[in-house]
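Participant: Predicted structure and sequence below. I'll ask about it afterward.
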Amino acid sequence: MTATLERVRSQVLRSYYETTYGQGGGRHAFDGATLEEYLALGHIVYPRLSDKELLQRAPPHLKELRVAAATASELRPPQVPVQPEWQFVSKKDRVDLGEHVQQPPPRIRLSGVKNIVGLEKVRGSPVERLAFSKSGSEERKVLQPPLHLKELEARWIDPEWLPVLLGSISAEKIWFDWDEEQPWNARALKHMEIAHLQVDVPVLMGLAFLKAQRFVTVYVTCVADPADLKEGLAGSAQTLSELTIGSHVPFGPEVVAGLRNLKRLRIGAYPEFRQQWVDWAVAHREVGCMFEPPVTFIREGAPALAEMHRDIPILVTRPKRGTPKYRVEYDVVGECELDFDDNGDLEDALKTAARQQKKKVQWGSEADTLVVTAADVDTCRWVIDTALGFAT
């Protein structure tokens, strides 16, 4: 049976979205749906299940649907092709990639390696996919031109090596996880030609730098500014088919306006935009929408975005016990083009101003990052205003 959302009656579709908005499901989400409509709605969440499997999952009170499972098709939609095996290298002090690039299969996964060398030896080899996890390198020279790969996976990489790794590679498919408690700027991917992007970081900024990309699928979490995301997707209006957005702040359908090829959308369901999103989903029945609880996309225990102040993020950590802590952790000198040698020098100037104003601030800056912590957001705003004031 061919079941599509285009053939679902508007009132049934609206009832489904209103019931599942922010709930991730609902016993009565399919009430009033015909067999065909149920299958179309069921494929929103489970696109790879057969009709029989979907009908077997029908709520118990919809007995006629469960009975229909006995004669339903067991044919599943086309599956993702099985990928070849990986070469696994783990828990080594030093690994030379040159010793692995000519060995089959052409996929290498390194985990827990302290010093990876020989990245340049991948060039011209059969290797198409590289994956790095909890690894690092003493190399500090970016390869030019970048290596071209089909896939790059970089998870929990040594921060000292990360800019070198990302700058040395251009990949069609990117998986990137970042566990540092500070914002991460997507500008590091600007030089690539990416079709499939997955980024999971505590606070994500700089997506506007990716507006020249032609994405097919995008999965991003903890977006700091939805307008930044909208600009970053501008070049993908004709190509983007699947989009997942986790955001620190509520946003409405304007973020996806103009994405003419969109087929699947998964977002955090902020109550402030409930009616707008339900209306949009009913009007765009070519798109299967999943409206998840916003917490689905936010890492437990990770710092959250308190606010953007003058385009600089202020983070907040809320412990289970005790008072919140507010923090600025950002390359203020580099991003705001201040006339200081580094952020350590900026901190020295701020310390003097803080003493004069009797501001209580904890300092911890490094050359490439200004780090200040305070008990309230107003103090962090003062730090940012004072820092930017040095530019005048």
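Facilitator: Nice, thanks for sending it over.
Participant: Now do the phi/psi pair for the closest residue to Phe251 other than its chain neighbours.
Facilitator: Leaving aside its chain neighbours, Phe251 sits nearest to Pro226 (3.6 Å; criterion: CB to CB, 6 or more residues apart in numbering). Yep, even glycine has a C-beta here, placed from its N, CA and C like the rest. For Pro226, the backbone dihedrals (degrees, to the nearest 10) come out as phi -60, psi -30.
Participant: got a list of what Pro226 touches?
Facilitator: Listed by CB atoms under 8 Å, 6 or more residues apart in numbering, the contact partners of Pro226 are Ile245, Ser247, Val249, Phe251, Val255.
Participant: Adding secondary structure and neighbour count, write those out as JSON lines.
Facilitator: JSON lines is the format used below for the contacts of Pro226 (DSSP: H, G, I helix; E, B strand; the rest coil; neighbours: other CB atoms under 10 Å):
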{"residue": "Ile245", "secondary structure": "strand", "neighbour count": "21"}
{"residue": "Ser247", "secondary structure": "strand", "neighbour count": "23"}
{"residue": "Val249", "secondary structure": "coil", "neighbour count": "15"}
{"residue": "Phe251", "secondary structure": "coil", "neighbour count": "22"}
{"residue": "Val255", "secondary structure": "helix", "neighbour count": "21"}
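Participant: where's the spatially most central residue of the chain, which helix or strand?
Facilitator: Closest residue to the average C-alpha location of the chain: Val220 at 2.0 Å, with CA atoms, centre = their mean. Remark: Val220 resides in strand 217-223, with elements defined by DSSP states H and E.
Participant: Report the buried residues of that strand.
Facilitator: Thr217, Val218, Tyr219, Val220, Thr221, Cys222, Val223 (16 or more other CB atoms under 10 Å).
Participant: Check stretch 223-239 too.
Facilitator: In stretch 223-239, counting by 16+ other CB under 10 Å, buried: Val223, Ala224, Asp225, Pro226, Asp228, Leu229, Lys230, Glu231, Gly232, Leu233, Ser236, Thr239.
Participant: Also stretch 9-29?
Facilitator: Result for stretch 9-29 [16+ other CB under 10 Å]: buried residues Val12, Leu13, Ser15, Tyr16, Tyr17, Glu18, Thr20, Tyr21, Ala29.
Participant: Strands along the stretch 1-150 of the chain, start to end?
Facilitator: 87-90, 94-96, 107-111, 115-117, 129-133, 147-155 (DSSP state E, counting those that start in this stretch).
Participant: my read: Val113 touches Val89, true?
Facilitator: Yes. Val113 is within contact range of Val89, at 6.6 Å (criterion: CB atoms under 8 Å).
Participant: Val328 touches Cys380, doesn't it?
Facilitator: Yes. Val328 lies in contact with Cys380 (CB under 8 Å); the separation is 5.2 Å.
Participant: coming back round to it: possible to save the strands of the stretch 1-150 of the chain as a markdown table with distance to Pro271?
Facilitator: Below are the strands of the stretch 1-150 of the chain laid out as a markdown table (distance: least, CB to CB, whole Å):
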| stretch | distance to Pro271 |
| --- | --- |
| strand 87-90 | 44 |
| strand 94-96 | 49 |
| strand 107-111 | 41 |
| strand 115-117 | 46 |
| strand 129-133 | 37 |
| strand 147-155 | 33 |
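Participant: check contacts around the residue nearest to Glu153 when sequence neighbours are not counted.
Facilitator: With sequence-adjacent residues excluded and distances taken as CB to CB, 6+ apart, Glu153 is closest to Ala131, at 3.7 Å. Residues near Ala131 by CB under 8 Å, 6+ apart: Trp86, Arg107, Ile108, Arg109, Leu110, Glu151, Leu152, Glu153, Ala154, Arg155, Trp175.
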